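Chemist: Return a 3D structure for these sequence lines:
(one chain, ligands or ions: 1)
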Amino acid sequence: MTGTTIKAPLAVCAAVIEKEGKVLLTQRPHGKQQGGFWEFPGGKIDPGESPHQSLKRELSEELAIEIEIDSLLETVYYHYDWGSVLIIAYLCRWTAGELAHIEVADHAWATPEQFSGYHILPADQPILDRLRSRYSEKSTKMNRKREKEMSQSTS
Ligand SMILES: Nc1nc2c([nH]c(=O)n2[C@H]2C[C@H](O)[C@@H](COP(=O)(O)OP(=O)(O)OP(=O)(O)O)O2)c(=O)[nH]1
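Modeler: Residues are numbered from 1 along each chain as shown. Here you go, the predicted structure:
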C-alpha cells in the first residue's frame, strides 16, 4: 500500500510559571530540534505518564526545580512541517530548587510586553495571547481598585 503515514500529534506539556508579573521562558539547546527558540519549560509526555507527572519530571530534569501545578491555562494544536504537537499548558508555582541550566541554553523572565523580543516557538501563540489578556485584565482590576480607594479617601 502506498501513501503517507498519518501520525498522532506529539503530546507535550508546558509550565507557565509566574513571578512578579513576569513569566519564565527557556531557550532550547542549540543542538536540539528547533534549537535556539524560546518556549515554556516542559516536554513530551512519556508513555504511561500523566501530564502532571510529566511536567514535574521535565522541570526537574531540565531546570532542577520542583513545581506545583495550579490550573490548566490553554491547550494548543499546531502543525509543524515535521508533524503536529498538542500542547497542554498549565499555570504552575515554583516551590523548591535553584534554577540550573541542565537541558536548556538559557532562561528569562518576561512580561507579556516583552514576549515579542524573543523568538518563541510559533505553536505557543495562543498561550502568549492568553497571558496577554490575563495580564491586561489584572491591571484593569488593579486600576479600578486604586480609583475606588482614591475616591473613598477623598470623600
Ligand atoms: N516544552 C515545550 N515544547 C514546545 C513548546 N512549544 C512547542 O511547539 N513545543 C514543541 C517543541 C518540540 O517539538 C516539542 C517538545 O518536545 P521536546 O523534544 O522538547 O521534548 P523533550 O524535552 O521530552 O525532549 P527529549 O527528551 O526528547 O530531548 O514540542 C513549549 O512551549 N514548550
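Chemist: Looks like residue 11 contacts residue 46 (just checking).
Modeler: No. Applying Cβ atoms under 8 Å, one finds residue 11 not in contact with residue 46, separated by 9.3 Å. All C-beta atoms are positioned from the backbone trio N, CA, C, and that covers glycine.
Chemist: of the two, who's got more company?
Modeler: residue 11 (16 against 11; other Cβ atoms under 10 Å).
Chemist: show me what contacts the more buried one?
Modeler: The contact partners of residue 11, by Cβ atoms under 8 Å, 6 or more residues apart in numbering, come to 44, 45, 51, 85, 86, 88.
Chemist: tell me the pLDDT at the residue in the chain that the ligand sits nearest to?
Modeler: Here the residue of the chain nearest the ligand is residue 43; by Cβ to the nearest ligand atom that distance is 2.6 Å. The per-residue pLDDT reported for residue 43 equals 98.
Chemist: Is it bridged to anything, and to what?
Modeler: On the basis of DSSP bridges, residue 43 is bridged to residue 13.
Chemist: Isn't it up against residue 15?
Modeler: No. At 10.0 Å, residue 43 does not count as touching residue 15 under the criterion of Cβ under 8 Å.
Chemist: Please identify the buried residues of the lengthiest helix in the chain?
Modeler: Using DSSP state H, we find that the single longest helix of the chain is helix 125-154. Within helix 125-154, the residues scored as buried using 16 or more other Cβ atoms under 10 Å are 126, 127, 128, 130, 131, 135.
Chemist: Compile those into a markdown table and extend it with columns for distance to residue 96 and pLDDT.
Modeler: Shown next, in a markdown table, are these (distance: Cβ to Cβ, whole Å; pLDDT from 0 to 100):
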| residue | distance to residue 96 | pLDDT |
| --- | --- | --- |
| 126 | 30 | 98 |
| 127 | 25 | 98 |
| 128 | 27 | 98 |
| 130 | 27 | 97 |
| 131 | 24 | 97 |
| 135 | 26 | 83 |
